[in-house]
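J.: Kindly return the folded structure for what I paste below:
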Amino acid sequence: MSGSKWIRQFHRWMAVFFTVTVLATVVALAQKDPVVWVSYVPLLPLGLLFFTGLYLFTLPYLIKRRSATGGRPD
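T.: Numbers count the residues shown, from 1 in each chain. Now for the predicted structure:
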């Protein structure tokens, strides 16, 4: 599996994991005595989603730039 396909697959699984952590946070904070630290749990997958999404967003521009330079590195 190439690097970009691996990152795309990782990004998809992080989206699922992020959704699960948000739902668990909503349930945990709806309790009578909520545990406040649980609200920080979704931040890790959110950060990973941000960086992988940023890479996936810039990937078409990087490919276009590489093909314009003839495949040579900058």
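J.: what's the neighbour count on residue 30?
T.: 8 (other CB atoms under 10 Å). Just so you know, the C-beta spots here come from the backbone N, C-alpha and C atoms, and that holds for glycine as well.
J.: quick one: the residue nearest the centre of the chain from residue 68, how far?
T.: In the chain, the residue lying closest to the centroid (CA atoms, centre = their mean) is residue 49, at 1.4 Å. Using CB to CB, to the nearest Å, one gets 29 Å for the distance from residue 49 to residue 68.
J.: Residue 54 now?
T.: Distance, residue 54 to residue 68, by CB to CB: 21 Å.
J.: ditto for residue 29
T.: Relative to residue 68, and taking CB to CB, residue 29 is found at 50 Å.
J.: Please apply the same query to residue 45.
T.: 35 Å.
J.: In this structure the residue nearest to the centre of the chain contacts residue 16, no?
T.: No - with contacts counted by CB atoms under 8 Å, residue 49 stays clear of residue 16, the gap being 10.6 Å.
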